[in-house]
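A.B. asks: Please find the sequence and the predicted model below.
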Amino acid sequence: QLQLVESGGGLVQPGGSLRLSCTASGFTLDYYLIGWFRQAPGKEREGVSCISSSGGTNYADSVKGRFTISRNNNKNTVYLQMNSLKPEDTAVYYCAAGFGVAKMDKDQYDYWGQGTQVTVSS
């Protein structure tokens, strides 16, 4: 069964850092476009970052310079390093797998994880 599992969320103070992990089971991430999305209460799910199978990356303007996406194919895992976190980064973060170029169009993604909560608060 194809499954994505996110981990690494939690409560952090403004200015702090977290690293989210997205680990796949039942399939190999190497050939997939992997995206990170987030959804805050009462808001639409939005794209945060993505990385293509060839390593191309893309970031939302709101996280450029603060977040870094990377992949470790040996561990079948994609990471999202989040630095200089702000209260507005508070959301449930989801990873998703799909195909194609590094775009954050939700329609490109076929498989979704259950999400991990990130809360940025003092």
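C.D. replies: Done, it's in. Numbering: from 1, shown residues only.
A.B. asks: Next up, the contacts around Pro41.
C.D. replies: The contact partners of Pro41, taken as CB atoms under 8 Å, 6 or more residues apart in numbering, number zero. Where C-beta positions appear, they are placed from N, C-alpha and C, glycine not excepted.
A.B. asks: how would you label it: helix, strand or coil?
C.D. replies: With DSSP: H, G, I helix; E, B strand; the rest coil as the basis, Pro41 sits in coil.
A.B. asks: In the sheet, which residues pair with the nearest residue to Asp89 once chain neighbours are set aside? Tell me.
C.D. replies: Taking CB to CB, 6 or more residues apart in numbering as the measure, Asp89 lies nearest to Val120, with 5.1 Å between them; neighbours along the chain are not counted. Here Val120 shows beta-bridge partners Val12, assigned using DSSP bridges.
A.B. asks: Pull the number of nearby residues for Val120.
C.D. replies: Residues contacting Val120 under the criterion other CB atoms under 10 Å number 20.
A.B. asks: Also Ala60?
C.D. replies: Here the count is done by other CB under 10 Å, and Ala60 has 16 residues near it.
A.B. asks: cool, Ser70 as well?
C.D. replies: 14.
A.B. asks: List the contacts of it.
C.D. replies: With contact taken as CB under 8 Å, 6+ apart, Ser70 is in contact with 51, 78-79, 81.
A.B. asks: quick one, phi/psi of it?
C.D. replies: phi -150, psi 170 (degrees, to the nearest 10).
A.B. asks: ditto for the one 10 residues further on
C.D. replies: Note on Leu80: its backbone torsions stand at phi -130, psi 110 [degrees, to the nearest 10].
A.B. asks: now swap in Lys75 and tell me
C.D. replies: Lys75 adopts backbone torsions of phi -100, psi 0, taken as degrees, to the nearest 10.
A.B. asks: What helix or strand is the spatially most central residue of the chain located in?
C.D. replies: Geometric centre of the chain, nearest residue: Trp36, 2.5 Å, by CA atoms, centre = their mean. Following DSSP states H and E, the helix or strand that holds Trp36 is strand 33-39.
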